[in-house]
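Enquirer: model the structure of this input:
(one chain, ligands or ions: 1)
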Amino acid sequence: MADAPRVARRMDLNQNVTQNVDRKVGEGTSLSIESNGSLRMSNAGGSMAMSLVNSSVGSNNSRTLILNCQGNHAFDNASVAASVIRGGVSNWLSGDALAQALTDPQFPTIGLGINDEWTIDLEKLTVGESFAQGSFGKIDTGTYNGEDVAIKLLERPEHDPERADFMEKQFQKEITMLATLKHPNIVRFIGACRKSMVWCIVTEYARGGSVRQFLSSRQNRAVPLKLAVKQALDVARGMEYVHSQHLIHRDLKSDNLLIAADKSIKIADFGVARIEVLNEEMTPETGTYRWMAPEMIQHRPYTQKVDVYSFGIVLWELVTGLLPFQNMTAVQAAFNVVNKGLRPTIPSDCLPVLSDIITCCWDANSDKRPTFSEVVKMLEAAETEILTNIRKACFRCCVHSTAAT
Ligand SMILES: Nc1ncnc2c1ncn2[C@@H]1O[C@H](COP(=O)(O)OP(=O)(O)OP(=O)(O)O)[C@@H](O)[C@H]1O
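Expert: Okay, here's the model as predicted:
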C-alpha cells in the first residue's frame, strides 16, 4: 500500500473545524489526546496526528491547530474504497453475494484454528435479511438448527492483505472471547465459519435490538426507574463475570447492549475486548469517545476500570434516556472530558443512590472507581430501595382509596 502524501494544514480549532474533523474520522476511528495536548486519531489503516499550538483547550479563544497527516491513510487508498473499513463499510461483494459466498458449498470452509470445534455446519444455517451494520460488516438475521440467530458477515478485502490480516486478527479475537464467555448477560456464541472470501460469527438473536435503539425509540424519555435498575444490574453482572475472566471489554456502550426476548440485557461486541495485562500501557485503538474513560482517550496505561467508567455513562443514559454529550461532537466531548473534567449532567431529581453510583463510576481517578462486584451490590441496594418505595406508595394509595369509600 503506497503511503499517502504528508499533509500539513493550519486551521482554527473552533467548533466548526472540530465538527469537520469529527465527521471525517467518524466514531469508529480511535482518538487519543496525548499528555502534551496533541490529538491523535487512527483507524485500522493509518493515523493522523494533530498538535495544539495553543493547548489551552478550555479557553474561548479561537485556537490554531496544525494538522499533520501521515502514514497509510485508509481514506486515500483506492483498494480500501472497495473493502471494509472501520467506521464505514463499502462492500466488495453485495450483501446477497456475501451471504451466497458463505453458503455456497463450492467455496470450501477453512478451519478456525484454535477454535475449530466452534465451526458451524453450514447446512443447518439459513441466512435472512440484513438488519444492522457493524464497523466491519453487516449483520443478518437467520436460523441455525431452527433457532433464530444473528449472523455477522465479514468480507475479506481481497486486494488489501494488510487490512485482511488486521480483520482476520479481530475475527479470531472476537470468536476466542465469545467462546470463552458463558453467562446469562453475555450474548451466546453459537459458532463461526471461515471461507477464503467471507467470515461469519453466529450468535443468539436478541430480538429487542440494542439499548441505544430502545432509548431512541422512547424519544429521550427516561426509562422507568425499576426497569433502568434491572437493566443496569444485568450489565453490571455480565461485566463482573467478564472481569472475573481477566478480560476488558473496552467498548461498553448502549449500542453494544442487546435486549433479549425475555427482556434481559446481553453484552455484545467483543471484537476489541482483550486480556487484562496489569500495568501495561495499552493502545487506545478502540472504544467510542462518548463512553471512553479519560485515561484511554489520552493513551495512558489503563485497567479494567475503563469499563467501569463506560458503565457510569450507560447508567446515566438509562436514568435520563439521553445520548451522552448530545450537543457536542464526539471529539469535542473527548476534549472536554479530558481537559475540563466534564461529565453529562445528572438530573437533580435523580435518586441519590443512583447518582452516587454514576459519579463514582466515572471518577477521573480510576482507582476511586468501584469494581463491578461493588457496583452490583450498590445496584441491588438501589433496587431494594425502589421496590420498598413503590410498595409504600401502593400502600398509601390503598389506604387513601379505602378511606375515601
Ligand atoms: N446478536 C444480535 N442480536 C441482535 N442485534 C444484534 C446482534 N449482534 C449485533 N446486533 C446489532 O448490530 C449492531 C452492530 O453489531 P456489532 O456491535 O457486533 O458490530 P461491530 O462491527 O462490532 O460494530 P461496532 O464496532 O460499531 O460496535 C449492534 O449495535 C446491534 O444493534
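
Enquirer: what about the residue in the chain that the ligand sits nearest to, neighbour count?
Expert: Residue of the chain nearest the ligand, by Cβ to the nearest ligand atom: residue 134 (2.1 Å). No exception for glycine: its C-beta is placed from N, CA and C like everyone else's. Residues near residue 134, counting by other Cβ atoms under 10 Å, number 19.

Enquirer: can you tell me the closest non-neighbouring residue to it?
Expert: Among residues not flanking residue 134 along the chain, residue 152 sits closest, at 6.3 Å (Cβ to Cβ, 6 or more residues apart in numbering).

Enquirer: hang on, the residue of the chain closest to the ligand packs against residue 153?
Expert: No. The pair residue 134 / residue 153 is not scored as a contact, 9.3 Å apart, by Cβ atoms under 8 Å.

Enquirer: all helices of the stretch 51-200 of the chain, in order?
Expert: Counting by DSSP state H, counting those that start in this stretch, the stretch 51-200 of the chain has helices at residues 78-81, 95-103, 161-180.

Enquirer: among the ones you listed, show the one with the smallest mean pLDDT.
Expert: Comparing mean pLDDT over the helices of the stretch 51-200 of the chain, the weakest stretch is helix 78-81, at a mean of 25.

Enquirer: tell me the domain boundaries of this protein?
Expert: 78-204, 211-395 (automatic domain parsing).

Enquirer: where among these is average confidence lowest?
Expert: domain 78-204 (a mean of 80).

Enquirer: got the residues of the protein near the ligand?
Expert: 28, 132, 134-136, 139, 150, 152, 187, 203, 205-206, 209-210, 255-256, 258, 268-269, 271 (Cβ under 6 Å from any ligand atom).

Enquirer: now list the buried members of those residues.
Expert: 28, 134-136, 139, 150, 152, 187, 203, 205-206, 210, 255-256, 258, 268-269, 271 (16 or more other Cβ atoms under 10 Å).

Enquirer: not counting sequence-adjacent ones, nearest residue to residue 256?
Expert: Of all residues not flanking residue 256 in the chain, residue 269 sits nearest, at 4.1 Å (Cβ to Cβ, 6+ apart).

Enquirer: mind listing what the one you found touches?
Expert: Residues near residue 269 by Cβ atoms under 8 Å, 6 or more residues apart in numbering: 134, 251, 255-256.

Enquirer: identify each buried residue in stretch 331-343, please.
Expert: Quick answer for stretch 331-343 (16+ other Cβ under 10 Å): 331-339, 342-343.

Enquirer: turn those residues into CSV, including secondary structure.
Expert: Listed next are the buried residues of stretch 331-343 as CSV, based on DSSP: H, G, I helix; E, B strand; the rest coil:
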residue, secondary structure
331, helix
332, helix
333, helix
334, helix
335, helix
336, helix
337, helix
338, helix
339, helix
342, coil
343, coil
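
Enquirer: make JSON lines from the residues you listed and add distance to residue 378 to it.
Expert: Converted to JSON lines, those look like this (distance: Cβ to Cβ, whole Å):
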{"residue": "331", "distance to residue 378": "32"}
{"residue": "332", "distance to residue 378": "31"}
{"residue": "333", "distance to residue 378": "26"}
{"residue": "334", "distance to residue 378": "27"}
{"residue": "335", "distance to residue 378": "30"}
{"residue": "336", "distance to residue 378": "27"}
{"residue": "337", "distance to residue 378": "23"}
{"residue": "338", "distance to residue 378": "27"}
{"residue": "339", "distance to residue 378": "29"}
{"residue": "342", "distance to residue 378": "24"}
{"residue": "343", "distance to residue 378": "18"}
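
Enquirer: closest to residue 174 out of those?
Expert: Using Cβ to Cβ, residue 334 comes nearest to residue 174 of the buried residues of stretch 331-343, at 25.1 Å.

Enquirer: surely that closest one meets residue 289?
Expert: Yes. Residue 334 sits in contact with residue 289 when judged by Cβ under 8 Å, with a separation of 4.3 Å.

Enquirer: now tabulate the helices of the stretch 51-200 of the chain in TSV and tack on mean neighbour count.
Expert: Formatted as TSV, these follow (neighbours: other Cβ atoms under 10 Å):
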stretch	mean neighbour count
helix 78-81	16
helix 95-103	18
helix 161-180	18
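
Enquirer: could you find the closest non-adjacent residue to residue 98?
Expert: That would be residue 153: by Cβ to Cβ, 6+ apart, it lies 5.1 Å from residue 98.

Enquirer: one more: residue 360?
Expert: In this structure, residue 360 finds its nearest non-sequential neighbour in residue 370, 5.8 Å apart by Cβ to Cβ, 6+ apart.

Enquirer: thanks again, I'm all set now.
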